[in-house]
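Novice: I would like to see how this sequence folds:
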Amino acid sequence: MTSSSEAGPGIVPIGSLDPIALGRAVDKLVTAALAAQTWSLVCAAEVAVQATDKNEAQAMRTAQEDVRDSARAYLGTQVPGVVKRLVDIRSAAALFQSMQTLAATAPEQSAVCLDAVTKDFGNFQQMADEFAKVYESFCEQVETRGTTLADRAGAEIRRLSAGKGKIAATTRALKDMQQTVSKDLDDLIEASHKAGKGARKILDSVADSLRGIGGEGKPAGGSTAVHGGIEDASSGDVGKALQNLRKDSEKLEKLYKELAGLQAGLQTAVKVESDCNAYVRSVRAVAGPARAVANMWQQVYAEYATAVVKHTRPGDSAALAKEIDGAAVKWESLLTQTKALSAAITGN
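Specialist: Alright, predicted model coming up:
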């Protein structure tokens with residue numbers, strides 16, 4: 001490429017601002033956009049949080065759906081916007097290739113060609129600037145919705161896991177019921193010993209019943225038919241003790257299931273809160289590179305606009321043609337990079 005000293009005092013080198021700097025800015029933009037794309041997919045498919053407070057249920061559903069909507073909007077609108085920034089660069093590279101060919105055959109037209117391309121660069125800058133502004137507004141919406149959901153999920157986590165939360169309360173109730181069931185069993189054993197008959201059959205049935213407590217797919221309290229038969233054949237004290245054990249073992253089973261449900265709900269709420277925060281951060285991380293790309297386009301546009309004004313001396317056309325030739329090589333290199341970036345974000 002022609003240097004500024006070789007080109008003469010009237011020539012402004014049009015490669016002084018290396019377009020590869022624009023490529024670095026775009027690389028950061030795509031990297032950030034890929035992270036946001038990942039978290040958007042996660043949030044768009046997030047499992048619903050079931051609020052344990054009925055008064056909070058609708059607000060929780062609304063908050064989560066708002067974040068899902070923004071995640072879908074990112075995928076449907078913002079990702080194509082990022083891809084368009086890559087298309088702008090590819091268009092610029094194609095323009096330079098055409099200008100390079102024309103400048104080689106008609107160097108006297110170099111300044112006219114450069115002027116036309118510079119106007120296109122101005123359009124690229126304006127579109128990048130508009131995207132950055134729109135994206136910033138989108139970020140504000142995401143942060144507002146994300147904060148609302150994170151606050152509600154956090155409140156649900158506290159309702160479940162705090163010292164006096166539902167999980168702690170259910171755990172205490174379960175431990176109390178375990179002691180009650182244990183006492184019921186002691187009472188049954190004592191009553192069966194006093195009755196002096198059927199003790200083995202009763203205790204075998206009770207053992208089978210208790211093995212089912214806390215498990216899945218097995219009814220609490222064992223076989224109803226077996227219990228009924230025992231109660232019919234047993235003395236009053238044995239039958240009463242067995243009824244108490246049966247009733248309390250069913251309560252114990254319900255507490256096990258309730259605790260399992262609460263713990264699963266806690267895990268869901270924790271995941272949703274964490275994923276939401278990651279989504280908001282990742283979306284915000286795209287804003288800086290988006291603005292940087294717009295700023296780089298502004299610098300590129302300013303450089304070429306200056307070159308157009310300066311290249312007016314006799315003999316400038318030939319020198320400018322060489323400058324265009326050198327710049328086209330750099331834009332071609334940037335074209336290769338943007339193709340790879342485009343494939344990374346679109347999968348094509």
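Novice: The residue lying closest to A294 once chain neighbours are set aside: how many residues sit nearby?
Specialist: Closest residue to A294 in three dimensions, ignoring its sequence neighbours and counting by CB to CB, 6 or more residues apart in numbering: A128, at 3.9 Å. (Each C-beta comes from the backbone N, C-alpha and C, glycine too.) Neighbourhood size, A128 [other CB atoms under 10 Å]: 28.
Novice: Look up how far V26 lies from A128.
Specialist: Taking CB to CB, to the nearest Å as the measure, A128 falls 10 Å from V26.
Novice: Find residues that contact each of the two.
Specialist: Common contact partners of A128 and V26 (CB atoms under 8 Å, 6 or more residues apart in numbering): 85, 293.
Novice: Could you list every helix and strand in contact with the longest helix anywhere in the chain?
Specialist: Using DSSP state H to define each element, the chain has its longest helix at helix 236-310. Under the contact criterion of 3 or more CB pairs under 8 Å, 6 or more residues apart in numbering; DSSP states H and E, helix 236-310 touches helix 19-44, helix 54-73, helix 79-105, helix 110-161, helix 166-195, helix 199-211, helix 224-233.
Novice: gap between the first one and the chain center?
Specialist: On the basis of CA atoms, centre = their mean, to the nearest Å, helix 19-44 is displaced by 13 Å from the centre of the chain it belongs to.
Novice: just the second one next, same as before
Specialist: Relative to the mean C-alpha coordinate of its chain, helix 54-73 is positioned 15 Å out (CA atoms, centre = their mean).
Novice: repeat for stretch 285-298
Specialist: The mean C-alpha position of stretch 285-298 is separated from the chain mean by 22 Å, CA atoms, centre = their mean.
Novice: again, but for stretch 52-67
Specialist: Between the centre of stretch 52-67 and the centre of its chain there are 19 Å (CA atoms, centre = their mean).
Novice: quick check: mean pLDDT across it?
Specialist: For stretch 52-67, the mean per-residue pLDDT is 95.
Novice: Same check on stretch 36-44?
Specialist: 96.
Novice: Enumerate every residue touching the most centrally placed residue in the chain.
Specialist: Closest residue to the average C-alpha location of the chain: W39 at 1.8 Å, with CA atoms, centre = their mean. Residues in contact with W39, defined by CB under 8 Å, 6+ apart, are 71, 275, 278-279, 282-283.
Novice: so which pair among those residues is furthest apart in space?
Specialist: D275 and V283 (12.5 Å; CB to CB).
Novice: Pop out the phi and psi values for A48.
Specialist: Phi and psi for A48, reported as degrees, to the nearest 10, are phi -70, psi 140.
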